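Asker: Here's my sequence, what's the structure:
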Amino acid sequence: MRFLLEDEHRDLASSIDAMLAKSDLPAVIRAWNTGDLEPGRKVWSRLAETGVNALLISDDNGGMGAGAVEMVVAVETLGRYGVPGPVAETVAAVPVLLADAAVTEPLAALAEGALATLALPPEVPFAVDVEVAEHTYLVDGSTLSTGVGTDPRPSVDLARTLSVVQAGERLADVDASRAFDFGALATAAQLIGLAQTMLTLTSEYAKTRKQFGKEIGSFQAVKHHLADVAIAVEMARPLVHGAALTLDGQVPEPQFASRDVSAAKVAAGEAAYLASRVGLQVLGAIGYTQEHDLSLYLTKTRALLSAWGTPAVHRSRVLESISA
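Answerer: Numbers count the residues shown, from 1 in each chain. So this is what the prediction gives:
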């Protein structure tokens, strides 16, 4: 099994990174926080041009026919910039769900850039960002239907809303387990990206902030904290890539895909949470304020920790797998 990315994966990440670097994402996120969605819609339109939305959609339906590895590479980059909107749903869960249900008609629109969201109770009880999604779905048991978002409520992440979804038109019977795994893995990839950005912001601050006439980054205690975050991120990332390989059937035992996804989600969440804690310890009170970019990633991390399955749910899935 190879955990090293190929040139094509690095090129994909580089192209997305180059586009997002020019988009002033902190300003986009702050606009989204206040209800101004237009800058974010423009970012998503440009992402669609790079093929991000079409990665998991087959060639026959206007997509790229790529796999989970390409998806996590792309979504980690989106996570590094904190791209607002239904990322895991649009890029991963909904395309897989519709393909598994043989509901192919909406896939072409998704490949061209339409956003989608999904409620999949009990682990995904609310649909995120219904107000910006052109397609909303609900899976109730084994029944897939279109959905109508109601009763919107805020999240700890200001660039994120949660809505109860009522069933609309019944579309098909479906086993949504694979879609859930893809949604959870995409969330794990976002968390890795967020952790990396918070580590970078914290490290840069430590190089410039002075106490007792020295940069605080020169203090051994601060170095150790930052090293702990770097290790956690580098230990979690291979689990995310490994789970992607399992979902793509590139390992000897693909039946353990759910276990590998859950392990990746737990590890990525812990790495991102540690990065957020260390960031606040190093920056102090300024890190809490909405004026500082760190707060944008802190709040998104907190929201994603429980999205697409809480840590307890994923730990239970790992335990069940190794205890069977």
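
Asker: Quick one: mean pLDDT over the longest helix seen in the chain.
Answerer: Assignment by DSSP state H gives helix 177-208 as the longest helix of the chain. If you average the pLDDT over helix 177-208, you get 94.

Asker: residues of that helix that come out buried?
Answerer: Judged by neighbour count using 16 or more other C-beta atoms under 10 Å, the buried positions of helix 177-208 are 178-199, 201-203, 205-206. (Each C-beta comes from the backbone N, C-alpha and C, glycine too.)

Asker: now do stretch 161-172
Answerer: Residues of stretch 161-172 classed as buried: 161-165, 167, 171 (neighbour count, 16+ other C-beta under 10 Å).

Asker: With stretch 58-65 instead?
Answerer: Neighbour-count burial for stretch 58-65 [16+ other C-beta under 10 Å]: 58, 61, 63-64.

Asker: quick one: that stretch to chain centroid distance?
Answerer: Taking the mean of its C-alpha atoms, stretch 58-65 sits 22 Å from the chain's own mean (C-alpha atoms, centre = their mean, to the nearest Å).

Asker: Ok, stretch 58-66 next?
Answerer: Relative to its chain's centre, stretch 58-66 lies at 21 Å (C-alpha atoms, centre = their mean).

Asker: Span of it from start to end?
Answerer: Criterion C-alpha to C-alpha, to the nearest Å; first-to-last residue distance in stretch 58-66 is 8 Å.

Asker: if I look at residue 150, how far off is residue 124?
Answerer: 16 Å (C-beta to C-beta, to the nearest Å).

Asker: cool, residue 271 as well?
Answerer: Distance from residue 271 to residue 124, by C-beta to C-beta: 22 Å.

Asker: Please identify which of the two sits among more neighbours.
Answerer: Neighbour count, other C-beta atoms under 10 Å: between residue 271 and residue 124, residue 271 has more, with 31 against 25.

Asker: just the helices in the stretch 101-250 of the chain please.
Answerer: 107-112, 177-208, 220-247 (DSSP state H, counting those that start in this stretch).

Asker: what comes into contact with the first one?
Answerer: Contacting residues not belonging to helix 107-112 are listed as 48, 53-54, 57-58, 61-64, 90, 94-95, 98-99, 116, 134-135 [C-beta atoms under 8 Å, 6 or more residues apart in numbering].

Asker: mind running it again at 10 Å?
Answerer: Helix 107-112 has contacts (C-beta atoms under 10 Å, 6 or more residues apart in numbering) with 45, 48-49, 51, 53-64, 90-91, 94-95, 98-99, 114-116, 134-135.

Asker: in that helix, what counts as buried?
Answerer: 107, 109-111.

Asker: Quick one: find the helix or strand in the chain with the lowest mean pLDDT.
Answerer: strand 210-211 (a mean of 60; mean pLDDT, DSSP states H and E).

Asker: hmm, back to that, out of the buried residues of stretch 161-172, flag the one nearest to residue 307.
Answerer: Of all the buried residues of stretch 161-172, residue 307 sits closest to residue 162, with 9.6 Å by C-beta to C-beta.
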